[in-house]
Each structure stands twice: as structure tokens, then as C-alpha cells.
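**Student:** coordinates only, sequence not included:
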């Protein structure tokens, strides 16, 4: 195969062969035997001449047993994603911090792996996850501060409890979409000056929809209970944040108008002080 043909054959999301990954010393530090190296450069950059785009980017990922709470790009640091094979789907874990540069001549001296590939939906998930790393925060600081400071009974913090609810939904839940003050960016001060919050628990309609709907319904109920514990006082009413609704919604039912108002919320907004991954648009 000519270098030009190899250049055209590489696409975003393609994986290197095991032999190429070993030859280039691209091995996962904790799981060398399960290493999968994924090309993340955009197709346009891959096909551009080397004088303009001399370097491509890859992520050194690893195989995992199954998809978890980091599926569908719910967190910007880590992605759980399914690749297709002749024997069925294979789950991979990609870390944003595991990016590596690779020169185009070196990459184009190899061919893409043929026994493992992303389908169209997988490519879209990968692209949204990569883009999410660079978006700006979409929520007022005062709103995030109120979530951080929320108190609930027991040892676990509000955010840890919220995280456990999302993990419980697994790969059935695509995202939490927040309708905060109808899209207005307001820095509120007094506890009586309430943020009006609506939540949609977006679930996957294409894979075992009845189970996904049940998981989203359970998550919505648990979230309602959690917000009630944290922000609704028996003798006072809502303080700081008022949860207007929390509904399970199929990803096939959300409208274009709703997408323009709703913003995806991720726990990383709150839990990572050194790096704030930002909300991304969910199709």
C-alpha cells in the first residue's frame, strides 16, 4: 500500500494494531496486555499534508470488562466506549491525560487495525467527548457553591451521593440535563433567593430500552429524594435550590428547543479542583 493510500485509510477513532503499538512503545502503564491505542486527530487533520499538520494525536487506552458510569462522555477526563468486533462489542477506557503525539510519517507507515472499529454512533460519542474538554463552564459559581455546601444525613456528602446515583444507572443513563433558571446566568446570594432547577435524566433508547427507562426512573426518584433532603427544610421550605421536576426522558424524545435550553451537568464540575472539564452538548 502506498503512503497516500495509508494516509487516506486512517480515520478518527481507528486503532493501531498491537504490533504497531508495541513497536512505537505505546503501552498502557497499568495494563500493557490490554492496550488499545486510538487515533483521535480529526479526519481533516489526518488527510492534510504533513507540512501543515506534521503530528497526529493518539490516546493510549485499555480494554475493560464493561461500560460504566463514564459511558457517553458523561465525564471529560475518562471515556468508556464500545468498539465493534466480529465477536461482539468490546469496552475500552480512554483517559484524556493519556494523549500522545505521533508523527504522520510514523503513523502512515502502519495500517489501521481491521478487527476492531467504531460504528457511526461511537465516532460521534468520541468526538463529543474530545470537544467537551475545552468548553467553558455553563453554570453560575453560586449555584455550584450551593451544591458543594449541601448537607444531608449520614457520612456521605451530597456530591458523593449524587455520584452513586449516576453510577447505579450505569451505561443506561446518557446524561443529566439541567434546566437552571430557564437558561439565565444569575449569581444569587441569599438562601431565600432560589435557583429554580429542573432535571432530565436522559436514557439510551437504542439498547434495551425497558431496562434503561427503569434505571432512569429509579435515578430520577433517588435524585428527587436527595435534593429534598439537602434543600427542602420541613418548617421553612426550599432553600438555595428548588427542584421543580426531575424526569426520566428517552434520548429519542428530547426536542431541539429543549436542547437549546438544557445544559449537561457533570460531577467533575465540582470534584476536580485542578482541572474543570466543562459541559458538552448532548445530541
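**Tutor:** Ah, there it is. These numbers come from a predicted model, not from an experiment. Numbers count the residues shown, from 1 in each chain.
**Student:** for this structure, what's the longest helix?
**Tutor:** What stands out as the longest helix in the chain, according to DSSP state H, is helix 209-231.
**Student:** Which neighbouring elements make contact with that helix?
**Tutor:** Secondary-structure packing of helix 209-231 (3 or more CB pairs under 8 Å, 6 or more residues apart in numbering; DSSP states H and E): helix 158-169, strand 173-180, strand 195-203, strand 241-250. All C-beta spots, glycine's among them, are computed from the backbone N, C-alpha and C.
**Student:** First-to-last residue distance for stretch 83-98?
**Tutor:** 18 Å (CA to CA, to the nearest Å).
**Student:** Could you give me the buried positions within it?
**Tutor:** Buried positions in stretch 83-98, judged by neighbour count with 16 or more other CB atoms under 10 Å: 83, 91, 92, 93, 94, 96, 98.
**Student:** Quick one: mean pLDDT over the longest helix of the chain.
**Tutor:** Averaging pLDDT along helix 209-231 yields 95.
**Student:** So what are the sheet partners of the helix or strand following that helix and their directions?
**Tutor:** Using DSSP states H and E, the helix or strand that follows helix 209-231 towards the C-terminus is strand 232-233. Sheet pairing for strand 232-233, assigned by DSSP bridges, gives strand 237-238 (antiparallel).
**Student:** Contacts for the strand it pairs with next, please.
**Tutor:** Residues from elsewhere that reach strand 237-238, judged by CB atoms under 8 Å, 6 or more residues apart in numbering: 194, 231, 232.
**Student:** can you pull the contacts of the last one?
**Tutor:** Contacts for residue 232 were tallied using CB under 8 Å, 6+ apart; they are 238, 239, 243.
**Student:** For ChimeraX, write the select line for the buried members of these.
**Tutor:** Those of these that count as buried under 16+ other CB under 10 Å are selected in ChimeraX with:
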select :238,239,243
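**Student:** Would you mind putting the contacts of residue 232 into CSV with pLDDT and distance to residue 139 alongside?
**Tutor:** CSV is the format used below for the contacts of residue 232 (pLDDT from 0 to 100; distance: CB to CB, whole Å):
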residue, pLDDT, distance to residue 139
238, 96, 18
239, 95, 18
243, 97, 15
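**Student:** tell me the contacts of the most centrally placed residue in the chain?
**Tutor:** The residue lying closest to the centre of the chain (CA atoms, centre = their mean) is residue 73, at 1.6 Å. With contact set as CB under 8 Å, 6+ apart, residue 73 has these partners: 79, 125, 128, 129, 132, 280.
**Student:** That one: which element?
**Tutor:** With DSSP H and E as the test, residue 73 turns up in no helix or strand.
**Student:** Distance of it relative to residue 166?
**Tutor:** 13 Å (CB to CB, to the nearest Å).
**Student:** Residue 13 now?
**Tutor:** For residue 13 relative to residue 166 (CB to CB), the value is 25 Å.
**Student:** is it fair to say residue 66 lies in a helix?
**Tutor:** No. Assigned with DSSP: H, G, I helix; E, B strand; the rest coil, residue 66 falls outside any helix and is coil.
**Student:** What is the burial count for it?
**Tutor:** Residue 66 is flanked by 11 other residues according to other CB atoms under 10 Å.
**Student:** In this structure it contacts residue 92, no?
**Tutor:** No. Between residue 66 and residue 92 there is no contact under CB atoms under 8 Å: 11.0 Å.
**Student:** quick revisit: so which of the contacts of residue 73 are in helices?
**Tutor:** 125, 128, 129, 132.
**Student:** how about these in TSV, adding distance to residue 249?
**Tutor:** Compiled in TSV, those are given as follows (distance: CB to CB, whole Å):
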residue	distance to residue 249
125	19
128	18
129	21
132	20
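**Student:** Quick check: the farthest pair among these?
**Tutor:** Farthest apart among these by CB to CB are 125 and 132. That separation is 10.7 Å.
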